[in-house]
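> Dropping a prediction and its sequence here:
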Amino acid sequence: MERPIIQPVGTPAEELDTPALVVDLGVMEQNIAALHNALGGSDGGSAHGNVKVRPHVSCHGCPEIAQIQLAAGGAARGVAVGSLGEAEAFAGDGDSPAVEDILIAGRVVTPAKIRRMIELAGRVTLSLAVDNVRNVEVIAEAAQAAGVTLGVVVDLDSGYGFGGVQPGRDAVDLTRKITDASGLSFKGIMTYEGPMPMTDRDELEAETRRRLQPILDTRNDLEQAGIEVATVSAGSTYTYDVVSQLSGITEVQAGVYPLMDVETLRVRAEFAPAAKILATVISHPVDYRAVVDAGHKTTGPDFGVPVLEEIPGAVASRFSAEHGILDLDGPATEQLMANDKVHLVPYNLALCVNQYDYVRAVRDGKLVGYWRVAGRGQLA
């Protein structure tokens with residue numbers, strides 16, 4: 001568990017104890033406004049009207065950030081999470097603000113978790129993604145025994161292979177099982193088409209449409225079978241604008257966009273990095289190398305190393321458990337001395353945020369508060 005040195009509100013950001021995950025609220029709010037407005041907020045929106053943003057909050061795990069997203073124009077009533085544990089965290093525990101509408105996009109299959117989910121359904125509006133008949137039968141039996149009704153969304157595989165029933169007949173058959181079951185209420189369909197790190201705009205759009213067309217065809221199949229499909233949830237920060245132009249989509253599950261990371265910025269340059277790891281130089285042993293106090297334990301570099309910001313000639317090259325190595329060239333060899341501060345933009349946001357119990361929220365260069373990452377480690 002992280003035990004930060006708590007510093008008073010108003011502390012200059014550069015004086016925060018390190019290593020620290022710092023979120024610039026001004027940049028974050030600009031990112032949120034940009035995506036929400038593009039999907040139907042105050043500046044117009046999608047060509048097909050009522051496409052909402054259902055923030056997938058697993059990326060940041062912070063209820064305070066979720067509340068800002070939900071208050072923005074074009075937001076859905078609630079959020080999506082990846083696990084039951086995250087749903088419980090965002091439902092509130094007295095220390096964090098509560099979200100009242102939660103979609104669990106992952107599977108809930110064990111008896112113990114199903115019991116917890118039934119209990120949670122008595123506190124918030126809860127929906128669950130499913131992709132197999134046996135799971136539907138077990139959940140329906142538990143819900144009926146408890147006297148509750150659970151919202152259910154059928155998860156379809158759009159080619160990523162991450163889970164989900166096959167589009168078409170298999171999806172229709174599974175949906176019929178849900179509509180026939182006591183204790184369950186069919187809410188719609190969803191998919192995750194997977195990350196699409198394509199910098200070519202035409203390629204990104206073509207691949208997105210290719211993956212989602214079977215999902216839209218399945219919606220038509222369901223409606224022709226007399227089953228109303230109120231929700232079709234798809235998309236991500238990679239594909240939000242393409243997805244919102246597809247007739248039949250009702251909400252986009254975008255996740256990374258408030259804070260951003262290097263991985264997504266390569267595709268979506270209209271956003272800016274709001275989350276950065278503040279680190280301190282602890283050694284400059286030779287001209288061409290400096291060492292900072294942020295390593296694997298604080299940057300989560302499994303998919304790629306973070307990027308050092310705003311220092312020409314300096315590159316974050318490798319990391320040990322607790323330290324980062326900066327390679328220096330040219331004018332950078334005479335900079336970055338002990339006690340200097342640097343900013344590292346995480347390569348993958350979710351892996352980085354999960355290293356922290358708190359984000360340091362900053363506005364105009366000064367500390368606003370310590371916001372708890374309530375979703376950290378809530379995988380079960």
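In hand now; what should we look at?
> quick check: mean pLDDT across stretch 359-366?
The predicted model gives stretch 359-366 an average pLDDT of 98.
> what do you get for stretch 259-269?
Rounded mean pLDDT across stretch 259-269 is 95.
> Now that stretch: buried residues?
Using 16 or more other CB atoms under 10 Å as the test for burial, stretch 259-269 gives Leu259, Met260, Asp261, Val262, Glu263, Thr264, Leu265, Val267, Arg268. No exception for glycine: its C-beta is placed from N, CA and C like everyone else's.
> could you dump these to CSV with distance to Arg209 and secondary structure?
CSV is the format used below for the buried residues of stretch 259-269 (distance: CB to CB, whole Å; DSSP: H, G, I helix; E, B strand; the rest coil):
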residue, distance to Arg209, secondary structure
Leu259, 28, coil
Met260, 25, coil
Asp261, 25, coil
Val262, 27, helix
Glu263, 23, helix
Thr264, 20, helix
Leu265, 23, helix
Val267, 16, coil
Arg268, 18, coil
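> and which of those residues is nearest to Val81?
Closest approach between these and Val81, by CB to CB: Leu259, at 16.3 Å.
> So what's the residue count around the nearest residue to the closest one once chain neighbours are set aside?
Nearest residue to Leu259, sequence neighbours excluded (CB to CB, 6 or more residues apart in numbering): Ala275, at 3.8 Å. Neighbourhood size, Ala275 [other CB atoms under 10 Å]: 25.
> What of Lys177?
Count around Lys177 with other CB under 10 Å applied: 18.
> As JSON lines, the buried residues of stretch 259-269 with distance to Ser182 would be great.
Conversion of the buried residues of stretch 259-269 to JSON lines gives the following (distance: CB to CB, whole Å):
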{"residue": "Leu259", "distance to Ser182": "42"}
{"residue": "Met260", "distance to Ser182": "44"}
{"residue": "Asp261", "distance to Ser182": "44"}
{"residue": "Val262", "distance to Ser182": "48"}
{"residue": "Glu263", "distance to Ser182": "44"}
{"residue": "Thr264", "distance to Ser182": "42"}
{"residue": "Leu265", "distance to Ser182": "47"}
{"residue": "Val267", "distance to Ser182": "45"}
{"residue": "Arg268", "distance to Ser182": "44"}
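> Identify the farthest-apart pair in the residues you listed.
Across those (CB to CB), the longest gap, 15.4 Å, separates Leu259 and Val267.
> so how far is Ala38 from Ala254?
Applying CB to CB, to the nearest Å, the value for Ala254 to Ala38 is 10 Å.
> Now do the shared contacts for these two.
Counting by CB atoms under 8 Å, 6 or more residues apart in numbering, the contacts common to Ala254 and Ala38 are Tyr240.
> In terms of packing, which of these two has more residues around it?
The residue with more neighbours, out of Ala254 and Ala38, is Ala254; 25 against 20, by other CB under 10 Å.
> need the contact list for that one.
Leu35, Val53, Pro55, His56, Gly235, Ser236, Thr237, Tyr240.
> Kindly recompute the last result at 10 Å.
32, 35-36, 39, 53-56, 59, 69, 80, 235-240, 243 (CB atoms under 10 Å, 6 or more residues apart in numbering).
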